[in-house]
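Undergrad: structural data only, the sequence is not supplied:
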């Protein structure tokens, strides 16, 4: 007999059907036993008068007759609440031991390390099922929107070169070149700019980005970003595209946007009005709408107290405003130089950052120098990019949006781990599998390394 | 004035328009100069009687009048061949030095290391532009098909645990746990199986996979795969899904499929008939059609001469046929045990491999033992998976298709590097950027490592 998906059972009243799924709550009322069964499409109540040795979480195959429930027994909380399946035959496909963590309920009170160790159980809870499906929908809609706008998705490498000016890199020692290493890409930033020099004009990628940073609720060693770059455009055109994309997403997912067009503030205005560049414009913070806003005209450089020097506020490739180029050259009022950097904020959180890029290698070099990089260092670390600009560069710019955070906000979750399938724990442990693991000495030797 | 995309210029006869793009061939005929200009949409001829200092590869802004060409000067090789643009104003946005490699033509005779070093120039050639756009189309169509079939795309981690039974891992030393390391995932194999234990029934992902193997034309350190897993299915249902997906792809891209349904052979039949499990069924190998075929019933184990022991022929999670379970237990005729492994071949190349997985932890343990793994090793390396199966596992299986190879065959390319934006060279060097790079000692110290 062919399988009927549980969501379809309501259409099969009086029919004999077969369902496949996992047993949930089992209620033994003496003469009758009720077994709730779930598959990916829904939950249904089955009922038998026989003795069964099913326990919760068993994977079962059930043949039975779909029966309408009497009006007083209809369960309005579930889609199949008007029916139940009278079991004719029940087969246990795979028996489950008692789960070490409860898999029903929200699960937020369970120790998180335990939830991640048994993530395959944890993911069975409806909240996480819903979150991951919502994430798929968000990603699909973003792709749909960008494909319709004639963007081309291009995969860029993850094994790349260290970027001295970013966060800490993950290193990947090379076996072919012992003593040397790749770095996991912190972002496709340079690659997407190179693509604009390659005559692509509309690039995007749902890209993984790797950063060896200390973990927080909104940080993971690897996170995903909606990465966009466009050539022959202005800042206004990027803002317009992203705004339309977010409105498209909200419309398709039936979410209320707090204000359209998105309110726009310069960095100065935002600091003056909200004392922060991550503002929440909602008058009531519990308001269940999505309050987007733009911040523009960020300063090009900011003072890094730890290192006692100026560093970029967004990334070292952001273009300064033309009006301030003279000051850049003269090293005058450096902290007041404005740039073409912009941020998208959502409900008080920074969702993404973008900019118009420098295309003049001389200006790029000035910016590196102002940041204190020596000619030698500039050449070693960014020589390839400065060289690339010599072969004709179209004006270009783009943005990167934090996908995990976007999904978390849409799902009403505070922690981005709740919208990821197999996140890394706060202590840097992988879900389910026991990593990081001891490096064996033979492997280290091949990499021409040894432990200290 | 607003920009007109070059493909649109043919619709603007007698109009004054502005185009933005890159100068290609420049033909100076004394009194008149012809400048071909490209943008992402196409190529158009512009013409001027003035002196211009444009050189090839400059990025330019041109204002001019669109004029119909006389019939005898129409160029049928280009979409805009019926018109030309009479330049009124030409501005050089960004000057190009003479490119170190030619960017017109196929480029196949240029030293590949040089092509990769200047990949941003190399990618300007129409062949590579076309290849990457085709790749985007293929990926979009695959996603469209799987989304319509109600698959959920789920991202799985790349920072993972070493898999002792696969190819060589890339290690990523941990800073939080010095002396220990993550491994870059060789495939999402275990994660997708865990997702099936998590009540997801239709998973896919366009996933990156990392393998530290010696490079060949069809190998890269990181490659992409269309990764699929389904629960509550049979082998026939997986084959049917993938076959429909490939036919959908070919139909949308207007490619001829050599034979539908795809011919299907058992491993034994294939070896007997073609002396290979990677057969090409086309009677004429130059036939420009796509000849898919299935191979099924692979042996579960194959003898590894180097290691003088039996190892898995696909992966250690592949289910043996029920009829051979007795022999597995009795260690009888081990090399004759058949499995639920299947391969998809295309024009004589292996495009992908899949299987129905073991869901009984006892059988899984038997397979590990037959492969020579000690109880201790089994527990260390696969304990998490054996444990996971104890909490109820639905029957499941899936496939992984090599996306780079698929795109290469569709694009008519032999080398997968021709369908990747920034591939790694045969010597393990990254495109454009100079990696791998020397690891600095401070970083090594933080990882509690030192050079030998």
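TA: Sure, I can see it. Please read these numbers as outputs of a predicted model, since none were measured by experiment. Numbering: from 1, shown residues only, chains lettered A, B, ... in the order given.
Undergrad: so which residue is dead centre in chain A?
TA: When CA atoms, centre = their mean is applied to chain A, the residue found nearest the centroid is residue A:404 (2.4 Å).
Undergrad: show the contacting residues for that residue.
TA: Residues near residue A:404 by CB atoms under 8 Å, 6 or more residues apart in numbering or on different chains: A:218, A:220, A:223, A:224, A:416, A:419, A:420. To be clear about C-beta, it is placed using only N, CA and C from the backbone, and glycine gets the same treatment.
Undergrad: element containing the closest residue to the fifth one other than its chain neighbours, please.
TA: This points to residue A:416. In space, and not counting its chain neighbours, residue A:416 is closest to residue A:404: 4.0 Å by CB to CB, 6 or more residues apart in numbering or on different chains. Using DSSP states H and E, residue A:404 sits in helix A:403-411.
Undergrad: that older thread, any idea of the pLDDT on the residue nearest to the centre of chain A?
TA: In this model, residue A:404 is scored at 97, pLDDT.
Undergrad: separation between it and residue A:223?
TA: 5 Å (CB to CB, to the nearest Å).
Undergrad: same thing with residue A:413?
TA: 15 Å.
Undergrad: and residue A:159, by the same measure?
TA: Residue A:159 sits 18 Å away from residue A:223, going by CB to CB.
Undergrad: the lowest-mean-pLDDT helix or strand in chain A pairs with which strands, parallel or anti?
TA: Least confident helix or strand, chain A: strand A:309-312 with a mean of 84, by mean pLDDT, DSSP states H and E. Strand A:309-312 pairs in its sheet with strand A:301-304 (antiparallel), by DSSP bridges.
Undergrad: how far does the strand it pairs with sit from the chain's center?
TA: 28 Å (CA atoms, centre = their mean, to the nearest Å).
Undergrad: that one: which residues count as buried?
TA: residue A:301 (16 or more other CB atoms under 10 Å in any protein chain shown).
Undergrad: which residues sit against it?
TA: Here strand A:301-304 makes contact (CB under 8 Å, 6+ apart) with A:309, A:310, A:311, A:312, A:313, A:334, A:335, A:337, A:370, A:371.
Undergrad: got it, and stretch A:440-452?
TA: Taking CB under 8 Å, 6+ apart as the rule, stretch A:440-452 contacts A:173-175, A:178-179, A:439, B:171, B:178-179, B:444-445, B:448-452.
Undergrad: again, only this time at 10 Å
TA: A:172-175, A:177-181, A:438-439, B:162, B:164, B:168-169, B:171, B:173, B:178-179, B:181, B:183, B:212, B:439, B:444-445, B:447-452 (CB atoms under 10 Å, 6 or more residues apart in numbering or on different chains).
Undergrad: please name the residues that touch whichever residue of the stretch 251-400 of chain A sits closest to chain B.
TA: Nearest to chain B in the stretch 251-400 of chain A, going by CB to the nearest CB, is residue A:392, at a distance of 3.4 Å. For residue A:392, the contact set (CB under 10 Å, 6+ apart) comprises A:197, A:199, A:359, B:22-23, B:55-60, B:92-97, B:99, B:121, B:124.
Undergrad: quick one, phi psi at it?
TA: Main-chain dihedrals, residue A:392, degrees, to the nearest 10: phi 80, psi 110.
Undergrad: looking at the contacts of residue A:404, which are in helices?
TA: Assignment to helices by DSSP state H places none of the contacts of residue A:404 there.
Undergrad: could these go into CSV alongside pLDDT and neighbour count?
TA: Listed next are the contacts of residue A:404 as CSV, based on pLDDT from 0 to 100; neighbours: other CB atoms under 10 Å in any protein chain shown:
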residue, pLDDT, neighbour count
A:218, 76, 16
A:220, 93, 22
A:223, 96, 21
A:224, 98, 23
A:416, 95, 24
A:419, 98, 23
A:420, 98, 27
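Undergrad: which pair of those spans the longest distance?
TA: Spanning the widest gap among those are A:218 and A:224, at 13.1 Å by CB to CB.
Undergrad: shared neighbours of the two, which are they?
TA: With CB under 10 Å, 6+ apart as the test, residue A:218 and residue A:224 both reach A:402, A:404, A:405, A:416.
Undergrad: residue A:68: neighbour count?
TA: 13 (other CB atoms under 10 Å in any protein chain shown).
Undergrad: what's the answer for the one 3 residues further on, then?
TA: In terms of burial, residue A:71 registers 7 neighbours under the definition other CB under 10 Å.
Undergrad: apart from its neighbours in sequence, what residue is nearest residue A:224?
TA: residue A:403 (4.2 Å).
Undergrad: can you give me every residue that contacts the one you found?
TA: Residues near residue A:403 by CB under 10 Å, 6+ apart: A:135, A:138-139, A:142, A:206-209, A:223-227, A:351-352, A:416, A:419-420, B:155.
Undergrad: so of these, which ones are in strands?
TA: Among the contacts of residue A:403, the members falling in strands (DSSP state E) are A:206, A:207, A:208, A:209, A:223, A:224, A:225, A:226, A:227, A:351, A:352.
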